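[1] below are the sequence and a predicted model; questions follow.
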There are 4 protein chains.
Amino acid sequence: MIVILKSNPNPAQLESLKKWIESKGIGIHESTGNSHQILGLVGDTSKLDMDLISALDIVDNVKRVQEPYKNANRKFHPEDTVVDVAGVTKIGGGNLTLIAGPCSVETEEQMVSVAKAVKAAGATVLRGGAFKPRTSPYAFQGLGKEGLRLLKIARQETGLPIVTEIMEIGQLDLFDDVDIIQVGARNMQNFNLLKELGAQKKPVLLKRGMSATYEEWLMSAEYVMSEGNENIILCERGIRTFETYTRNTLDLAAVPSLKKLSHFPVVIDPSHATGKADLVFPLAMAAVASGADGLMIEVHNDPAHALCDGKQSITPDAFWHIAKKTLDLKNFLNTQEGK
Amino acid sequence: MIVILKSNPNPAQLESLKKWIESKGIGIHESTGNSHQILGLVGDTSKLDMDLISALDIVDNVKRVQEPYKNANRKFHPEDTVVDVAGVTKIGGGNLTLIAGPCSVETEEQMVSVAKAVKAAGATVLRGGAFKPRTSPYAFQGLGKEGLRLLKIARQETGLPIVTEIMEIGQLDLFDDVDIIQVGARNMQNFNLLKELGAQKKPVLLKRGMSATYEEWLMSAEYVMSEGNENIILCERGIRTFETYTRNTLDLAAVPSLKKLSHFPVVIDPSHATGKADLVFPLAMAAVASGADGLMIEVHNDPAHALCDGKQSITPDAFWHIAKKTLDLKNFLNTQEGK
Amino acid sequence: MIVILKSNPNPAQLESLKKWIESKGIGIHESTGNSHQILGLVGDTSKLDMDLISALDIVDNVKRVQEPYKNANRKFHPEDTVVDVAGVTKIGGGNLTLIAGPCSVETEEQMVSVAKAVKAAGATVLRGGAFKPRTSPYAFQGLGKEGLRLLKIARQETGLPIVTEIMEIGQLDLFDDVDIIQVGARNMQNFNLLKELGAQKKPVLLKRGMSATYEEWLMSAEYVMSEGNENIILCERGIRTFETYTRNTLDLAAVPSLKKLSHFPVVIDPSHATGKADLVFPLAMAAVASGADGLMIEVHNDPAHALCDGKQSITPDAFWHIAKKTLDLKNFLNTQEGK
Amino acid sequence: MIVILKSNPNPAQLESLKKWIESKGIGIHESTGNSHQILGLVGDTSKLDMDLISALDIVDNVKRVQEPYKNANRKFHPEDTVVDVAGVTKIGGGNLTLIAGPCSVETEEQMVSVAKAVKAAGATVLRGGAFKPRTSPYAFQGLGKEGLRLLKIARQETGLPIVTEIMEIGQLDLFDDVDIIQVGARNMQNFNLLKELGAQKKPVLLKRGMSATYEEWLMSAEYVMSEGNENIILCERGIRTFETYTRNTLDLAAVPSLKKLSHFPVVIDPSHATGKADLVFPLAMAAVASGADGLMIEVHNDPAHALCDGKQSITPDAFWHIAKKTLDLKNFLNTQEGK
């Protein structure tokens, strides 16, 4: 961490700052430029709060040199994290994992038939929303507990492990038998929930917040890891920008960037990112080519007539096509890399 | 709601769509342009999910004519909501309410002395964080329950009602004796929490999410109102943009816009919006001139030496100056308007 | 276009509005909902200014049904535009065009050696900046005319057509012998320049503005086409968001979206989009998989030592690798699609 | 400037970097932390290109300590710039300058009558667009030369100096007799134009680009100053964000921030910032309270019927009200500050 002082700092205040820093076990390296005096802080500064130091009268600016995350940091954890899902499949480590299923769980018939269809197409994880975060209090909020029951029936019928979204700590008991717990974009900085999810061992699929930076996202992963759980899958689902043609802007630079900064598998959700069914295929292909470890895709038996699901949903037939093409692409890329 | 059809829609699908819409008790007004056929939906469309209709093969686009919120809507609730705070003060209705106090509650001495100072300067509500949402798991997370206890002592000493932030539903019992419950930016779309806060009667100070639109913000207020609580105060605290000089970008157009769209009082938090102590005063003045009903300002006994608070905090002396100038400005403006 | 009226509009004003609309040769279809009266405008509304109508006292809102661009619109121009470059190569139509070269033209030796290297690797167009838009007046602004001369020498040595950026109308004469004229992000809405480029016949590579929507971008293409030149190549180079790890956020949804909305070839510039050399390869691969018609990549003989070029530049060797992998991927995808 | 090296940098490359830096007359202060080695660059680094150094294999990151602008910098130019407008009025220095007039110049009668009305209300500068930047090639592009002629007639009739927008260098001759030359948001980084405007002496009103940071904006002012013209007025007109209710998001923190970072007067354009007539008054008041030196407001004789101007325009009567209230507010604030 580098502390840039204002010109002619009050000597007593400067002395007091230096003492305080040293009391934290951190060394100081002073340096004087033409227009600025600088303190270089030497040691583990990850627990220092930059804002505290910036508040001082004598300080012009503080700049971080080290990343503020440790457990999540590739530098201190060089090997890839490969997440084992219920002993059935693995996310990361060179695989392309297809996670598919409807936006909302509706009926047993729907869930079982979609589950069979996506499994046949090559998906290895089943998704489905039981608790749905909805902008409007008047919109369908999901089947809740009953939705979880239907998901488990579909798992039993197909052997596919299931991933579904948790909305609050109070629901944690209900997720005992879920294979991957999803944290939605709106909960990415629900720090209490993250800590609870860190204190258990199930894999956590952590979606990026709508306006979260990579650093904030990795700090949220750090919350989970700080309590002992490192089974984290990062999921990019688009960020909010000024462009309104797509629902969000899919940021595929996140894939290679997060793989460099951290050790977690990275999954892409092209359905939510774009909000348009016809963009799911090209962006799924792009995600695979960028190095993504998996895709999360909404599939619904009959989006065009059922009137029960969002515009980004595609049919099992369309998914079959996407699955085939993306898995073929992954094979091609693995061969290209000599894997 | 207006449904724009693709050219040459499948007649059977169109028939099926029209039947489904009518089955919801909504009338249809058809109209055919040069290049598009349009369905005008007549009736209460606030409970229709636009995305459902957009998903149809025959639909090109759906546009909303009515706002999706009802209870929060000025059109259906023309009088200003004035929020009574513990029978002691009112927010809205022509007053300028000053809400002040430290970012985090630290010690009894700190709380009591700041509370006395801000009261003397003209504040009528005391703020202080007991549970702190922090980006890093290694940063100070607040005193928790003990912080609430200290806040209440400061209330007892000064008579100022208190506002403090809740982080999750599980903490609700602890907030029984708090005067205003604050929902932070990261929880603006924690829908379960909003519903719980709607089911009780205490005033809710609802901060805008970092990348929330006015409509989403009002939909969150609608969640609270839909359960019966209309004591809502909206608080703008800056939105996330590309500008990095300020921590966030304060959006003062929110004040007149929200007052037009809804009936709630609107409060501005210039401290969090800018993250810079020297911008608090000019933006506090601007907020008052834009018509804000209140200001929420961080005040700390000794930001420069204590090293315990963020860069946006100001001293009691600086607050005394801000309070005097903003209250004088409010008086001037009320006189100017002939109030 | 749909005009939503305020409740109880002044009848005289409404009559006057309707007459004015009809005087423009546009029909009106009226419809009355529960809370709003609506005018549906039937006819060619592309030349109507929405803002003019929105200004009226009696109007609540105006929504567009048709896209505001005509010549650029896929609906009215269903076939792909394939841009012929100097009779030497084509952009669009199923090819992957690699455009490569240094950020700035520096010396004859540099240009010729880079040109030979990128040609050997598979590039078919040579890029190089002679006039450089620089944020700082103190930064190197390019060699100007001399840079154009060196580019042409490199073209003569390799047969590669050249693309380079124009900064203002006054330079147009100098671009007589350039094969593709590039319009940079900062000039995407330099409407006078666009019109001049429309009045000549050379291909125009039109970069997206830093915060331009697809619609605005296509309106800029419409400017060029409205003067008679349809040889337009769209180039996505990242948009400005809150994320600061990458210089910009590359929006790959632009590729399938623009190919649906319009008929132009779309090229991706992963170098400028990310500002990081190690992200160029994964995003180049992603761009190809998303369906891009070409890639524009900065290549420099020796970025690590020369100290003369930006951080997004890569060596000829690194480019050789990227070119091989992306061209192989394009072949694979063409085979996969049965082309 | 601080250069953070990667761990274990190649010694030969490091030696070469240090020599290169010293050859620019800049000193180096080395410092070694736990995980990083750092070079502190001592001297005038404003002409060093950060990107060049970041490109090096051995460099992890570069951080700037000094602002990259010099002439525009308050640190090196502590006194306020007060811009003299044609010897008739001054912008800056404690005044509130009202700049008012129609969006587009249309007829002599319109211009003269609006000019008289705004002068009577208190405006001291007349605005009006002769060359209009329009998103659509089919929209009205302004009267051009004839518009300038009408503006000058209105000046003659009222004595008000005029400000109008230039679109390209080629128009510069036509602006000989204009009092303030406006550079629009889309031209903020038209660097060639900025240099030409720097080489003449007329005041330049420099609007902020739609997604420009304060630093980029001041770098554009630096372009003008670097050629010798320091008569610059900065004009904030809203930035592009995800919020769509207002056309742009007005960033009032720009006022105190720019006044701290630089020495120029800052003017606010609430009309373009919001795109809504009913938001102009509250945001004009807020702008004055934030410390703005002036307001730029669109006024049109008859926005509701004429159908010739944008939705942000207001009538002379409405302007009379705004002018009175904002000037009264400025007087109040000056008194409050003891001026």
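    Perfect, thanks for sending it.
[2] what about the closest residue to A:His300 other than its chain neighbours, how many neighbours?
    Nearest in space to A:His300, with sequence neighbours left out and distances taken as C-beta to C-beta, 6 or more residues apart in numbering or on different chains, is A:Ser313 at 4.1 Å. C-beta here means a position set from N, CA and C on the backbone, and glycine is covered the same way. A:Ser313 has 26 neighbours, counted by other C-beta atoms under 10 Å in any protein chain shown.
[3] just checking, A:Ser313 touches A:Val299?
    Yes: applying C-beta atoms under 8 Å, one finds A:Ser313 in contact with A:Val299, separated by 6.8 Å.
[4] give the intersection of the neighbour lists for these two.
    A:Pro102 (C-beta atoms under 8 Å, 6 or more residues apart in numbering or on different chains).
[5] distance of the residue in the stretch 51-200 of chain A that chain C sits nearest to from chain B?
    Closest contact between the stretch 51-200 of chain A and chain C, by C-beta to the nearest C-beta, is at A:Glu67 (10.7 Å). A:Glu67 sits 11 Å away from chain B, going by C-beta to the nearest C-beta, to the nearest Å.
[6] what ranges do the helices span in chain A?
    A:11-23, A:50-54, A:108-121, A:145-158, A:191-198, A:214-226, A:254-261, A:270-274, A:277-290, A:303-306, A:316-336 (DSSP state H).
[7] I'd like the ones you listed written out as a markdown table, with distance to D:Ala221 added.
    Formatted as a markdown table, these follow (distance: least, C-beta to C-beta, whole Å):
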| stretch | distance to D:Ala221 |
| --- | --- |
| helix A:11-23 | 34 |
| helix A:50-54 | 27 |
| helix A:108-121 | 57 |
| helix A:145-158 | 58 |
| helix A:191-198 | 42 |
| helix A:214-226 | 31 |
| helix A:254-261 | 33 |
| helix A:270-274 | 38 |
| helix A:277-290 | 39 |
| helix A:303-306 | 53 |
| helix A:316-336 | 48 |
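[8] tell me, which of the ones you listed is the model least confident about?
    When the helices of chain A are compared by mean pLDDT, helix A:303-306 comes last with a mean of 49.
[9] can I get stretch A:13-30 as PDB, trimmed to CA atoms?
    What follows is stretch A:13-30 as a C-alpha-only set of coordinates in PDB (Å, rounded to 0.1, in the frame of the first residue of the first chain):
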ATOM      1  CA  GLN A  13       0.200  14.200  12.600                       C
ATOM      2  CA  LEU A  14       2.700  12.500  10.400                       C
ATOM      3  CA  GLU A  15       4.600  11.100  13.300                       C
ATOM      4  CA  SER A  16       1.300   9.800  14.800                       C
ATOM      5  CA  LEU A  17       0.300   8.100  11.500                       C
ATOM      6  CA  LYS A  18       3.700   6.400  11.200                       C
ATOM      7  CA  LYS A  19       3.500   5.100  14.800                       C
ATOM      8  CA  TRP A  20       0.000   3.800  14.200                       C
ATOM      9  CA  ILE A  21       1.100   1.900  11.000                       C
ATOM     10  CA  GLU A  22       4.100   0.400  12.800                       C
ATOM     11  CA  SER A  23       1.900  -0.700  15.600                       C
ATOM     12  CA  LYS A  24       0.000  -2.900  13.100                       C
ATOM     13  CA  GLY A  25       3.300  -4.700  12.400                       C
ATOM     14  CA  ILE A  26       3.800  -3.000   9.100                       C
ATOM     15  CA  GLY A  27       7.100  -1.400   8.000                       C
ATOM     16  CA  ILE A  28       7.300   2.000   6.300                       C
ATOM     17  CA  HIS A  29       9.600   3.000   3.400                       C
ATOM     18  CA  GLU A  30       9.600   6.800   2.900                       C
END
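[10] buried residues, that stretch. List them.
    A:13-14, A:16-17, A:21, A:26, A:29 (16 or more other C-beta atoms under 10 Å in any protein chain shown).
[11] surely A:Asp293 and A:Leu98 touch.
    No: counting by C-beta under 8 Å, A:Asp293 stays clear of A:Leu98, with 10.8 Å between them.
[12] residues contacting the residue of the stretch 51-200 of chain A closest to chain C?
    Applying C-beta under 8 Å, 6+ apart, the residues contacting A:Glu67 are A:46, A:73, A:75, A:215, A:218, A:261.
[13] in this structure A:Pro270 contacts A:Leu279, no?
    Yes: with contact defined as C-beta under 8 Å, A:Pro270 counts as touching A:Leu279 (6.9 Å).
[14] which of those two has more neighbours?
    A:Pro270 (30 against 25).
[15] contact partners for the closest residue to the more buried one other than its chain neighbours?
    Nearest non-adjacent residue to A:Pro270, counting by C-beta to C-beta, 6+ apart: A:Leu283, 4.0 Å away. Shown in contact with A:Leu283 (C-beta under 8 Å, 6+ apart): A:250, A:252, A:268, A:270, A:273-274, C:252-253, C:256, C:290.
[16] what residues does the stretch 151-300 of chain A have near chain D?
    Residues of the stretch 151-300 of chain A lying close to chain D (C-beta under 8 Å from any C-beta of the partner chain) are A:240-242, A:244.
[17] could you find the lowest-pLDDT member of those residues?
    Across the set of these, A:Thr244 stands lowest in pLDDT, at 93.
[18] get me the contact residues on the stretch 101-250 of chain A for chain C.
    A:211, A:213-215, A:239, A:241-246, A:249-250.
[19] mind checking which of those are buried?
    Buried among these (16+ other C-beta under 10 Å): A:211, A:213-215, A:239, A:241-243, A:245-246, A:249-250.
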